[in-house]
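Trainee: The sequence isn't on hand, but the structure is:
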């Protein structure tokens with residue numbers, strides 16, 4: 001029997017840097033043992049402008065091979081730079 005899929009959901013960040021950093025730190029440390037992170041609503045404000053302008057990378061967490069491949073494919077399609085936190089799996 002497979003284990004349940006764990007989703008870490010946050011919302012209403014409102015481009016607050018301190019909240020964003022808490023989210024990233026919890027994700028990197030795998031505090032909630034989540035398989036994926038969903039950022040819902042009121043995120044961007046000015047926070048994604050440097051990502052879209054390619055001045056900063058998008059930081060995402062991915063541990064499974066397919067998730068890593070999907071993240072890289074998304075970054076290629078969106079023409080953004082990406083940093084993958086995690087990467088416990090092996091990509092060949």
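Mentor: Perfect, thanks for sending it. Treat the numbers as computed from the prediction; the structure is a model and nothing was measured.

Trainee: quick one: buried residues of the helix or strand where residue 75 lies?
Mentor: Using DSSP states H and E, residue 75 sits in helix 65-78. By 16 or more other Cβ atoms under 10 Å, the buried positions in helix 65-78 come out as 67, 68, 71, 75. Just so you know, the C-beta spots here come from the backbone N, C-alpha and C atoms, and that holds for glycine as well.

Trainee: which one among those residues gets closest to residue 41?
Mentor: Nearest to residue 41 out of the buried residues of helix 65-78 is residue 71 (Cβ to Cβ; 21.3 Å).

Trainee: ok, the closest one to residue 83 distance?
Mentor: As defined by Cβ to Cβ, to the nearest Å, residue 71 lies at a distance of 10 Å from residue 83.

Trainee: Report the set of residues contacting both of those two.
Mentor: The contact sets of residue 71 and residue 83 overlap at residue 60 (Cβ atoms under 8 Å, 6 or more residues apart in numbering).

Trainee: got the buried residues of helix 65-78 as TSV, with pLDDT columns?
Mentor: Compiled in TSV, the buried residues of helix 65-78 are given as follows (pLDDT from 0 to 100):
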residue	pLDDT
67	90
68	91
71	92
75	93
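
Trainee: can you redo these as a markdown table with distance to residue 53?
Mentor: A markdown table is the format used below for these (distance: Cβ to Cβ, whole Å):
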| residue | distance to residue 53 |
| --- | --- |
| 67 | 26 |
| 68 | 25 |
| 71 | 20 |
| 75 | 14 |
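
Trainee: for the residues you listed, which one is nearest residue 87?
Mentor: Among those, residue 68 lies closest to residue 87 (Cβ to Cβ), at 6.2 Å.

Trainee: Check the gap between that closest one and residue 48 for me.
Mentor: Counting by Cβ to Cβ, the gap from residue 68 to residue 48 is 21 Å.

Trainee: now the protein, which segments are flagged as low pLDDT?
Mentor: Applying pLDDT under 70 to the chain picks out residues 15, 42-45, 88-92.

Trainee: what's stretch 19-38 in contact with?
Mentor: Against stretch 19-38 from outside (Cβ under 8 Å, 6+ apart): 5-10, 13, 39, 47, 59-61, 64, 67, 85-86.
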